[in-house]
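A.B. asks: This is a predicted model, with the sequence first.
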Number of protein chains: 2
Amino acid sequence: MTTAAAAPSGFGPIRQIPAHELVVDQMRRALELGQFRPGDRLPTERELSEMLDVSRTVVRAAVAVLEREGLIAVRRGRGGGFTVQAPTYDPAETRRLMRQNKTAVRDAFDYRIVVETGATRLAAMRRRAADLTKLRTLLESMDSALDAAMQDQSAHRVTEFQTLDSAFHMGIAQACRNDYLLESVADARRKMWLPTGAIFGRLEPNANDHHEAILEAIESRDPEVAAAQMEEHILGTRHTLESWLKR
Amino acid sequence: MTTAAAAPSGFGPIRQIPAHELVVDQMRRALELGQFRPGDRLPTERELSEMLDVSRTVVRAAVAVLEREGLIAVRRGRGGGFTVQAPTYDPAETRRLMRQNKTAVRDAFDYRIVVETGATRLAAMRRRAADLTKLRTLLESMDSALDAAMQDQSAHRVTEFQTLDSAFHMGIAQACRNDYLLESVADARRKMWLPTGAIFGRLEPNANDHHEAILEAIESRDPEVAAAQMEEHILGTRHTLESWLKR
């Protein structure tokens, strides 16, 4: 979340961001990174107000925005609360937007390649045993989820895979033990309008390609192979997306 | 300038940034990136208020902070205005801080290597004739400035070189034509407490090493050589800094 950054060549208008927009940003980010899954309950209004250190009025304003966007459902009264919804995309609208913003799509992929291969290289040098265990579990779950999705391309299956996929990529960034890179990887993935699978509405059979090879190279502390596999993996996604845009 | 970013693993306190702090950030950034040199006049209070789209009271609050930090001098009355001061560092204090923050120093260099080599690789593919002309001019000016500084290590000489050096590195990032990377390179350089030369209080003879090789590789569209030279260049700076911290 970069705010009020000057154009590098001078001074530009300052925009102070209203508190509820900061809350929306933070909640959207948690949803997009798969920290909450569709069907999960979010903390209550009072809990969110405490965790975020803002008034309940501000929480309410943020929740209203997310509800309008269809990202959460709000049920009032006893037994009510905020429930995460599966994101819905209008494929025709998404395709139109992406075609109109080809440079932004290109830039987002280039940025993702730079920061994710960088993070992967460092992860191969710094990973601890606990990182490997976590990444291995995620990989196995992705295998099963993809198998299931190939039988039955329901929105639920696609979302399940995407959540695990985000956790896998973010887990690698965490294993590199560099907060600046972790932040950039999270940012890069958001800029790419992830989850891509949910945009296509279905998973491609290549969705889990390279993950095994990336993890093996990280396990055997081979930074160059790990980085090269990550790059190929992201280029694969880019290729899938570009073919979809041309269709 | 990353603000109010959630820890990737959940919700954290929201902090709304006061307008004058955003102005301080933007002005400090312009100074640190060498967009204004010591002795330069900044725009007037009224001009800044218009450029930044904030009240004159907000500008005044920001200027007071920068004046207190010694980054600008303020002269009141007719013929007055804001003049950029050469940054001053207390080497003993800086060394103490950096020794206490070894992880932050390591992370900043790792981050800089990732984003600057990434930007350099793309710059070698996308540079235009105008980029090359600009970078060549900066390189020649750095040569002269370093020669002069080797004769006379005055603060003025050191600052002059650092301003050109920042412009050279940012010029490469601009030539890569990716706003996300440009923003990250600017950020990475700030995190490294640049200008490093001003911290040492003198220029090292190796300050201009690799610049020529980087530019030649960009000119001849050789992404891998350009990136490798950039990496060696940054590792050289890291080595100089680490030796200085051990002294």
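C.D. replies: Received the coordinates, thanks.

A.B. asks: List the residues that contact the residue lying closest to A:Asp53 once chain neighbours are set aside.
C.D. replies: Once flanking residues are discounted, A:Asp53 sits nearest to B:Pro13: 3.9 Å by Cβ to Cβ, 6 or more residues apart in numbering or on different chains. In short, each C-beta sits where N, CA and C put it, glycine included. Applying Cβ atoms under 8 Å, 6 or more residues apart in numbering or on different chains, we find B:Pro13 in contact with A:51-53.

A.B. asks: Of the residues you listed, which is the most crowded?
C.D. replies: Among those, the one with the most neighbours (other Cβ atoms under 10 Å in any protein chain shown) is A:Leu52, at 24 neighbours.

A.B. asks: Let me see the contact set for that one.
C.D. replies: By Cβ under 8 Å, 6+ apart, the contact set of A:Leu52 is A:23, A:26, A:58-59, B:11-14.

A.B. asks: what do you get if the cut-off is 10 Å, keeping everything else the same?
C.D. replies: Listed by Cβ atoms under 10 Å, 6 or more residues apart in numbering or on different chains, the contact partners of A:Leu52 are A:19, A:22-23, A:26-27, A:43, A:58-59, A:62, B:4, B:6, B:11-15.

A.B. asks: Any quick PyMOL command for the buried ones out of these?
C.D. replies: To isolate the buried members of the contacts of A:Leu52 in PyMOL, using 16 or more other Cβ atoms under 10 Å in any protein chain shown:
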select buried, (chain A and resi 19+22+23+26+27+43+58+59+62) or (chain B and resi 4+6+11+14)
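
A.B. asks: Let me have stretch A:108-124 in PDB, keeping just the CA atoms, if that works.
C.D. replies: Extracted in PDB, the C-alpha atoms of stretch A:108-124 (Å, rounded to 0.1, in the frame of the first residue of the first chain):
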ATOM      1  CA  ALA A 108       2.700  -6.200 -12.700                       C
ATOM      2  CA  PHE A 109       4.200  -9.500 -14.000                       C
ATOM      3  CA  ASP A 110       7.600  -8.000 -14.500                       C
ATOM      4  CA  TYR A 111       7.500  -6.600 -10.900                       C
ATOM      5  CA  ARG A 112       6.300 -10.000  -9.600                       C
ATOM      6  CA  ILE A 113       9.200 -11.800 -11.400                       C
ATOM      7  CA  VAL A 114      11.800  -9.400  -9.900                       C
ATOM      8  CA  VAL A 115      10.600  -9.600  -6.300                       C
ATOM      9  CA  GLU A 116       9.400 -13.200  -6.200                       C
ATOM     10  CA  THR A 117      12.600 -14.600  -7.800                       C
ATOM     11  CA  GLY A 118      14.600 -12.400  -5.400                       C
ATOM     12  CA  ALA A 119      12.700 -13.700  -2.400                       C
ATOM     13  CA  THR A 120      13.000 -17.300  -3.600                       C
ATOM     14  CA  ARG A 121      16.800 -17.000  -4.100                       C
ATOM     15  CA  LEU A 122      17.200 -15.800  -0.500                       C
ATOM     16  CA  ALA A 123      14.700 -18.400   0.800                       C
ATOM     17  CA  ALA A 124      16.900 -21.100  -0.500                       C
END
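
A.B. asks: And it, how far out from the chain middle?
C.D. replies: 14 Å (Cα atoms, centre = their mean, to the nearest Å).

A.B. asks: got it, and stretch A:29-47?
C.D. replies: In terms of Cα atoms, centre = their mean, the centre of stretch A:29-47 is found 13 Å from the chain centre.

A.B. asks: With stretch A:48-57 instead?
C.D. replies: When distances are taken as Cα atoms, centre = their mean, stretch A:48-57 is centred 24 Å away from the chain's centroid.

A.B. asks: which parts of it are buried?
C.D. replies: For stretch A:48-57, burial by neighbour count (16+ other Cβ under 10 Å) applies to A:48-49, A:51-52, A:54.

A.B. asks: Compute the mean per-residue pLDDT across it, please.
C.D. replies: Across stretch A:48-57, pLDDT averages out at 92.

A.B. asks: quick one: pLDDT of A:Ser9?
C.D. replies: Looking at A:Ser9, its pLDDT stands at 47.

A.B. asks: same deal with the one 5 residues further on?
C.D. replies: The per-residue pLDDT reported for A:Ile14 equals 86.

A.B. asks: moving C-terminal of the helix or strand bottoming out on mean pLDDT in chain A, what's the next helix or strand?
C.D. replies: When the helices and strands of chain A are scored by mean pLDDT, DSSP states H and E, helix A:196-200 comes last with a mean of 59. Using DSSP states H and E, the helix or strand that follows helix A:196-200 in sequence is helix A:211-219.
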